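Chemist: 3D, please:
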Amino acid sequence: MRMQETFLKYKALSYFAAMVKFRPSTDHFITSIKSLQAFLAQGTSLAYCTLQDLDFRENAIDWMQIRIDHTTFLGCELKSSDELILREKGAFIYPRHPDLPYNPYRRELYTWQELMEGYSPEFDNSLDLAIYRHFAACRYNPSINEALSQRIHDHAIDEALRSLMRFDAEGMTEKKCIGMMGGHGTKRTDECYLKVAKTAKLLTEAGFFIVSGGGPGIMEAANLGAWMAGRPMEDLGKALAILGRAPHYRDQGYFEAAKEVLAHYPDGMASLAIPTWFYGHEPSNLFATAIAKYFSNSIREDTLLAVSLHGVVFAPGSAGTTQEIFMEATQNHYCTFNYYSPMVFLGSQRYEIETMIYPLVRQLSFGQAYHDLLHLADTPEEVLAFLKVNGPRKKVV
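Modeler: Sure, this is the predicted structure:
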């Protein structure tokens, strides 16, 4: 009996060793026919590869000559004969869902042009609203297929975001990301909106990459400021005058004012928005050049703060902004993402007098590695000066 058990254990270990031997050190994620062709030019194996959103119907590939082992096809278009061959060879094939208003297997982040397609001032028939309505109809009790599609979609956004950020092995991004948080209901005519736009403009001109929650209010101000970077401050004032015709995102002409600014000042600087469909149809602003929109708000919130390693600026806001403050403090307290990040509170009246949030976070951080990365400021220049000399600090093990 013991000899039989020993033999079975040896056989299992030999099988595992063989799997390890043949498994590549890095799984390959392939999202274009061109990159697939370049990859196959190096050999005939797609072992442990994932291919996403590729159309093979017009591309003749001899699948019989290619090694398929733990190979995954996500939302790829295949001829029925090729699909049969791949299934017989053990490929994992996840089909497209033609009835969904969104593509779970998308390869890129969204743009505002894509999300706003179908919109007109008279009737909002945008893709953004169509996706929200689909989500809202089943958000509390989705079918298993719908739930899986949403998770796969958000994973696809994760992948596209990693491609944009370019993380290194220790978790640092190539882009020097600074998050900017604040109230979604802040009007375009509000002094705080102007202050945030100026701050984002200065930070972008200093080489930082602005990240916002993607919606209106303070979030729009952040992406607007980044867009206007490199232009005279007078141009920002002119842009704000145009936007001021429709101060609130529910005002008639809200999007038209933003489009007018884009027409007057094309080719702006890049920035990122990370919004969600969870809170409702809160339209994405038009000044972010890339939009990572999620179904899951918890993933979205965590990601928004996680990528902002070079600092987070908190303008006045309500419950959502307060939540983000303590989420960021928690990430810093436990150094969740391998770096301690600066936290700047923009507005002493709000954060030191009205709410006392800043003194509370200071008390929480006492004796911690991020204590001197907290800063209270009232002007865009103060924010810039602090963040230029206080960058992220790597965790010391």
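Chemist: tell me the strands in the protein, going along the chain?
Modeler: 28-30, 49-52, 72-74, 92-94, 177-181, 209-212, 272-273, 290-291, 312-314, 339-340, 343-346, 374-377, 393-394 (DSSP state E).
Chemist: Any chance of TSV for those strands, columns mean neighbour count, mean pLDDT and distance to L360?
Modeler: Just so you know, the C-beta spots here come from the backbone N, C-alpha and C atoms, and that holds for glycine as well. TSV is the format used below for these (neighbours: other CB atoms under 10 Å; pLDDT from 0 to 100; distance: least, CB to CB, whole Å):
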stretch	mean neighbour count	mean pLDDT	distance to L360
strand 28-30	17	90	43
strand 49-52	22	95	44
strand 72-74	21	95	45
strand 92-94	15	95	47
strand 177-181	28	98	17
strand 209-212	29	98	25
strand 272-273	28	98	29
strand 290-291	20	98	33
strand 312-314	27	98	13
strand 339-340	22	98	18
strand 343-346	24	98	11
strand 374-377	19	98	11
strand 393-394	15	96	22
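Chemist: Select, out of the ones you listed, the one closest to M233.
Modeler: strand 209-212 (16.7 Å; CB to CB).
Chemist: That closest one - which strands sit beside it in the sheet, and in what orientation?
Modeler: Partners of strand 209-212 in the sheet, by DSSP bridges, are strand 177-181 (parallel), strand 272-273 (parallel).
Chemist: How far away from the center of its chain is the longest one?
Modeler: Yep, that's strand 177-181 we're talking about. When distances are taken as CA atoms, centre = their mean, to the nearest Å, strand 177-181 is centred 12 Å away from the chain's centroid.
Chemist: Helices of the stretch 251-397 of the chain, start to end?
Modeler: 254-264, 297-306, 319-333, 348, 357-365, 380-389 (DSSP state H, counting those that start in this stretch).
Chemist: any weak-confidence spans in the stretch 51-200 of the chain?
Modeler: Within the stretch 51-200 of the chain, no range satisfies pLDDT under 70.
Chemist: related to what we said a few turns ago, dump the strands of the chain into a markdown table; add distance to F135 as well.
Modeler: Output for those, formatted as a markdown table (distance: least, CB to CB, whole Å):
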| stretch | distance to F135 |
| --- | --- |
| strand 28-30 | 26 |
| strand 49-52 | 22 |
| strand 72-74 | 21 |
| strand 92-94 | 20 |
| strand 177-181 | 24 |
| strand 209-212 | 21 |
| strand 272-273 | 18 |
| strand 290-291 | 16 |
| strand 312-314 | 27 |
| strand 339-340 | 33 |
| strand 343-346 | 32 |
| strand 374-377 | 37 |
| strand 393-394 | 38 |
